[in-house]
Structure formats: structure tokens, C-alpha cells
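1. turn this into a structure:
(chains A and B, ligands or ions: 2)
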Amino acid sequence: MATRKKVLLKVIILGDSSVGKTSLMNQYVNKKFTNQYKATIGADFLTKEVMVDDRIVTMQIWDTAGQERFQSLGVAFYRGADCCVLVFDVTSPGSFKSLDGWRDEFLIQASPSDPDHFPFVVLGNKVDLDNRSVSTKRAQQWCQSKNGLPYFETSAKEAVNVEQAFKTIARNALAQESDVELYNEFPDQIKLDGGSTDNRSSGSDNCAC
Amino acid sequence: MSFSSQIFRSPEYTSFRCNVPLKQIILDDTGTNKGWRVYDTGPRSVETPLVFLHPVSGRAEVFFKQLLTLSSKGYRVISAENPPYWSVTEWCEGFMQLLDHMDIKQVHLFGASLGGFLAQKFVEFSTIVHQPRVVSLFLCNAFTDTSIFKYKDAAVLFWILPAIVLRKMVLSNFSSRETFYDTRIMDSIDFMVELIESLSQADLASRLTINCLNSRVNTSLMRGLKGVTLMDVFDDYALGSPIKEKIYQEYPDAKLAQLKSGGNFPYLSRSDEVNLHLQIHLRKYDGTPYSASDNIPNTE
Ligand SMILES: Nc1nc2c(ncn2[C@@H]2O[C@H](COP(=O)(O)OP(=O)(O)OP(=O)(O)O)[C@@H](O)[C@H]2O)c(=O)[nH]1
Ligand SMILES: [Mg+2]
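-> Numbers count the residues shown, from 1 in each chain, chains lettered A, B, ... in the order given. Ligands and ions are numbered 1, 2, ... in the order given. Below is the predicted model:
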């Protein structure tokens, strides 16, 4: 069987403090939710293996601090991102207005090769609450204005749409990853045609160097 | 010997060599000159430092990027290179002596390849002698069982082989630098190749012997160990997938710090990402008696 290269997808979640970034990640990876709020400091990540179409991929999901003074991690953290998830709280107009800022921040820090087509996914979270103040229409309009970003209304608390949203995140991240991949592997291709000796060890029975 | 690789000539490396003194620590009095080479950076008041253990081919210098960055962030970080030891037990006893000599009761360990194997054996050893020393483990390209290597049968003869043959054995496991179209990976390979040149026959022979003599980690002795991070790189490196899968199975609760690329020596080629993962690994101990830093945790 031809072994396909294993894929690691790096996903970064951004958004204002307390919109539910940590809760969404925990709901998706651990199927857990807590009402208690503990501000994220710096950044942390969880990994999850998922099937996308017929491929097993590893999703590395990075959760960040919404509060600026807790952000201490440099560009290393944005490097190689395959998808960026922008989260706002549907009961907080301020968190919705911040989306532009978060998107710009990401584009500056990660500097993707094709910023216009970089996959963002937008999540309007806490739809289980009654005091909603950002309408679906308003959110959709914003997404439309940014080249038609996928938009999901979620509840980390009641596990509404979380699975579906991350499925789209994974699929779009994989598409992004494959694009970069094609580009990177091109030189290897030339090398094989040239017939030069390739002595990289393919086996697993050598010494650890 | 004149060094010429990019990394050797970099201002960063020069700054490291100028600012961090190398200590030779000789432990035994039998006169066989078993000196450890040690770099000890960051606040000395920290009692639970992070100690780096190198791979077969490495020297204490291979972790200079971690030492520079993490010490500047308030962590006490030590890189320790062992003198020739010819068995795992001898190594464990030696490392225990080193820690005693440095007055260090507990450590966080970072181990790369053979260093990762020895780090795990040390957890086992210190548990057996009832002096548990290891708070957490960060393993990079590590393995739990030496039987994965060919040369098992020849391992008893390594001590007799000339350095040039041993060097070839190690180098044959490096992915050739041309397979990577990534200058940072190529630089890391050049740096390691140059370091190998500076290793003695006894260094190489003893490390390869430990690496290839049959031995495995008894992970059931490690159940008490909570903080384990496994780092691996998704591109090509000398250890293949079945070994990764094995170590994942042995540590089902470990945090997986996976990198998309980086070659055999991500601590050199992807140092900023590795340093980020190390900070995440260590941060949960900040403000506890096991902290590797003098940072006060930033909580509300
Ligand atoms: N009702 C409701 N509450 C939620 C939902 N998601 C999160 N919360 C609550 O909102 C608060 C903040 O959630 P977090 O996930 O910690 O927010 P965050 O975006 O990670 O915040 P920072 O780490 O400060 O950036 C917590 O009290 C959660 O329990 C949701 O879908 N519905
Ligand atoms: Mg959070």
C-alpha cells in the first residue's frame, strides 16, 4: 500500500476575551463544557485525529488569550497555520466589531502567501442565550464582504453546530495544506527525474542520530 | 579545528559561547577522567531546572538556542553531555551523581533520541532506588526500546572500532542535507556533522553501544509521571512511524507537540517552535515548588 504522507493541520482560534474559544475547543476535543470562566494565558493547544473525506489527519488546535495583556507568544505560533477560526459572542456587539482587528492581526503575523484566499471560518457562539444582539444577517453580511467566509452559529455549552463547524475547518485547512504542499514538493520532483541518489533512510531500523 | 557551518558562525552562537561558561564536572576519583560537559543558565535560585540530554551525535552545544531563549524568559536550563558510559545503568548512576554534585533534587528532562531513551531510563532508575527525581519529561524523536535498531549483535564490538567507522555509522542515519529544500534544516545538519568530528572514539563507541544493546523502558514504572510531552516531526527523520506509534501507545495521556517539518534536529532547525512548546510544557509548574523558572504566574 502506498503510504500517504501524514498530515498535520494547524488551526488557530482568535477572538475577544470570554467569547468561548477555550470552551469551543474543549467541547470539540473533549466533549466537555464548564460554566466557570478561566482566562487563557498565552496559548495552549490540543490535538485530535479526524477523518476528512478518506484521509486521517491530525488537527492541532491552538487556543489563544483574548485579553491582550496575556498574549506573550511570538510569530512562531502563527507560522504554518492552515486555518484561522474567528469567534465572537452573539450577545456581545463589541466582540463582533473586533473581528476585523483579529483578521488583520492574523494576516500580519502569519503572512500567508495568498492572504485573499486564506481559509478563515467565523463562529458566532453562545446562541443558546436569550439576550442575543448580533443578528444572523449582520454576521453573514460581514462574512460575505470578506470573500464569502463560512459562518456557523454555535453553542459550546449545548454542543450546537460545533462538530459541523470543525468539520468545515478541517476540510478547508486540508485544502490549504495541500496547496502549500504541492508547491513545496516541486523541487523533489525534479530531483527524482534527475536520477540523483537519494539516500534518505526510509526504513525504521537504523540508529537514532 | 576550524568550524565553518552557518550556525557556528552565527552571532547567536558566538553570543552563547561568550556568555555561557562551559563547566567540566569530573565525578569519579578513579582518574579515568569521566568529565561531564555542562552549561547551566538562568536563575540559580531555581531548584527544579530543565535539563537537556543530547542524541548520539550531539554535544551539549546542540541546545544552545533553547538555553539562550528560555534563560532569557526566566527559566533555569542546563545542557549536560555525558562522558563515556558503557551501560544504561552506569549512565543513570553517573547522572544521579551529577545532580547530587550540582545540588539539584528534582528536574524536568528534555531528551532527544538517545537522550530521550536515557531520560526515561532515569525515571525508572530513580524510582527503583527510591529517589524519584523527575517531575516531567519532554521527549523529542525518542524511543522506548533499543531493539528497533539493527547492529544489535555488533554492539558488543563497537568499543574496538576506529572513530572513522563509528562516525560513518552515525552519519549514515542522517537524512542527506540535499533532501531538504529548507536552509534551516540544512544548517542544522551541517552543525551536527561538524560536532561529530569533535567527538572522540570513546564517546562515539560508548553512545552507540548504549543505543544498540538490548534494553527497553518499563513504562509501568512511570505511571506516577504526569507531565509528558512527546515531540515529533511529520517530515522525514531517522526513526519511522511504527516507533512513533509505539511511544504514543506507551504514553496515552501525553501532550503531542507535533511539528510539520524540521528534520532530525528540530531544536536547531525550528528552535522558536520548540521553545514555544517547551514554555507551554513548563508553564503549568510556574508558581509551584516544581517550577523551572522564577516567574510569578500571571493569574487573575
Ligand atoms: N451560555 C454559554 N456560555 C458559554 C458558551 N461558550 C462559553 N461560554 C461561557 O463563557 C465564558 C468564557 O468562555 P471561555 O471559553 O473561557 O472564553 P475564551 O474566549 O476562551 O476567553 P479568553 O481565554 O479570556 O480569551 C465561560 O464562563 C463559559 O462557560 C456558550 O456557548 N454558551
Ligand atoms: Mg480561553
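2. ok, residue 95 - contacts?
-> Just going to use chain A. Going by Cβ atoms under 8 Å, 6 or more residues apart in numbering or on different chains, residue A:95 touches A:15, A:16, A:19, A:87, A:88, A:89. Every residue, glycine included, has its C-beta placed from N, CA and C.
3. nope, chain B please
-> B:80, B:82, B:118, B:122 are the contacts of residue B:95 under Cβ under 8 Å, 6+ apart.
4. closest to residue B:250 out of the contacts of residue A:95?
-> Residue B:250 has its nearest neighbour among those in residue A:87, at 35.6 Å by Cβ to Cβ.
5. before we move on, back to that, so which of the contacts of residue B:95 sit within helices?
-> B:118, B:122 (DSSP state H).
6. most neighbours among the contacts of residue B:95, which one?
-> residue B:118 (26 neighbours; other Cβ atoms under 10 Å in any protein chain shown).
7. now the residue nearest to residue A:89 when sequence neighbours are not counted: how far from ligand 2?
-> Spatial nearest neighbour of residue A:89, excluding adjacent residues (Cβ to Cβ, 6 or more residues apart in numbering or on different chains): residue A:19 at 4.2 Å. Counting by Cβ to the ion, to the nearest Å, the separation of residue A:19 from ligand 2 is 9 Å.
8. hmm, residue A:86 and residue A:19 touching each other?
-> No. Using Cβ atoms under 8 Å as the test, residue A:19 is too far from residue A:86 to be in contact (9.6 Å).
9. return stretch A:131-145 as PDB; C-alpha atoms alone will do.
-> Provided in PDB are the C-alpha atoms of stretch A:131-145 (Å, rounded to 0.1, in the frame of the first residue of the first chain):
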ATOM      1  CA  ASN A 131     -30.100  38.200  25.000                       C
ATOM      2  CA  ARG A 132     -28.800  37.900  21.500                       C
ATOM      3  CA  SER A 133     -27.700  41.200  20.000                       C
ATOM      4  CA  VAL A 134     -25.900  40.400  16.700                       C
ATOM      5  CA  SER A 135     -28.300  39.100  14.100                       C
ATOM      6  CA  THR A 136     -27.500  36.300  11.800                       C
ATOM      7  CA  LYS A 137     -27.900  38.600   8.800                       C
ATOM      8  CA  ARG A 138     -25.400  41.100  10.100                       C
ATOM      9  CA  ALA A 139     -22.800  38.400  10.700                       C
ATOM     10  CA  GLN A 140     -23.500  36.800   7.300                       C
ATOM     11  CA  GLN A 141     -23.100  40.200   5.600                       C
ATOM     12  CA  TRP A 142     -19.700  40.700   7.200                       C
ATOM     13  CA  CYS A 143     -18.600  37.200   6.100                       C
ATOM     14  CA  GLN A 144     -19.800  37.900   2.600                       C
ATOM     15  CA  SER A 145     -17.800  41.100   2.400                       C
END
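10. list the buried residues of that stretch.
-> A:132, A:134, A:139, A:140, A:142, A:143 (16 or more other Cβ atoms under 10 Å in any protein chain shown).
11. narrow those to those in helices?
-> Among the buried residues of stretch A:131-145, DSSP H puts A:139, A:140, A:142, A:143 in helices.
12. low-confidence ranges in chain B?
-> Filtered on pLDDT under 70, chain B yields the residue ranges B:1-3, B:29-34, B:148-153, B:175-180, B:236-241, B:298-300.
13. could you pull out the helices for it?
-> With DSSP H as the criterion, chain B has helices at B:6-9, B:11-19, B:64-72, B:88-101, B:114-128, B:163-171, B:183-197, B:201-212, B:241-250, B:266-269, B:271-283.
14. who's in contact with the first one?
-> Outside of helix B:6-9, the residues within contact range by Cβ under 8 Å, 6+ apart are B:3, B:13, B:183, B:187, B:188, B:190, B:191, B:194, B:268.
15. quick revisit: looking at the contacts of residue B:95, which is nearest ligand 2?
-> The nearest member of the contacts of residue B:95 to ligand 2, counting by Cβ to the ion, is residue B:122 at 35.4 Å.
16. could you find the closest non-adjacent residue to that closest one?
-> With Cβ to Cβ, 6+ apart, the residue lying closest to residue B:122 is residue B:92, at 5.3 Å.
17. can you count the residues close to that neighbour?
-> Other residues close to residue B:92 by other Cβ under 10 Å number 20.
18. before we move on, what about residue B:249?
-> 10.
19. measure it to residue B:144 for me?
-> 9 Å (Cβ to Cβ, to the nearest Å).
20. ok, now residue A:129?
-> Taken as Cβ to Cβ, the span from residue A:129 to residue B:144 is 48 Å.
21. and these two? Which one has more around it.
-> A direct count of neighbours by other Cβ under 10 Å for residue A:129 and residue B:144 places residue B:144 higher, at 21 against 13.
22. need the max-distance pair from the contacts of helix B:6-9.
-> Maximum pairwise distance among the contacts of helix B:6-9 (Cβ to Cβ): 17.7 Å, between B:3 and B:183.
23. the more surrounded of these two?
-> Remark: of residue B:3 and residue B:183, residue B:3 carries more neighbours, 14 against 11, as counted by other Cβ under 10 Å.
24. quick one: the helices in chain A, in order.
-> Taking DSSP H as the criterion, chain A carries its helices at A:21-30, A:93-97, A:99-110, A:136-145, A:162-193.
25. number of residues surrounding residue 147?
-> Using chain A. Residue neighbour count, defined by other Cβ under 10 Å, stands at 10 for residue A:147.
26. actually it's chain B I care about, not the one you picked
-> 13.
27. where's residue A:65 relative to chain B, distance?
-> 10 Å (Cβ to the nearest Cβ, to the nearest Å).
28. give me the pLDDT value at that residue.
-> Reading off the confidence values, residue A:65 has pLDDT 90.
29. could you list every residue that touches it?
-> Counting by Cβ under 8 Å, 6+ apart, residue A:65 has contacts A:17, A:39, A:40, A:41, A:42, A:43, A:71.
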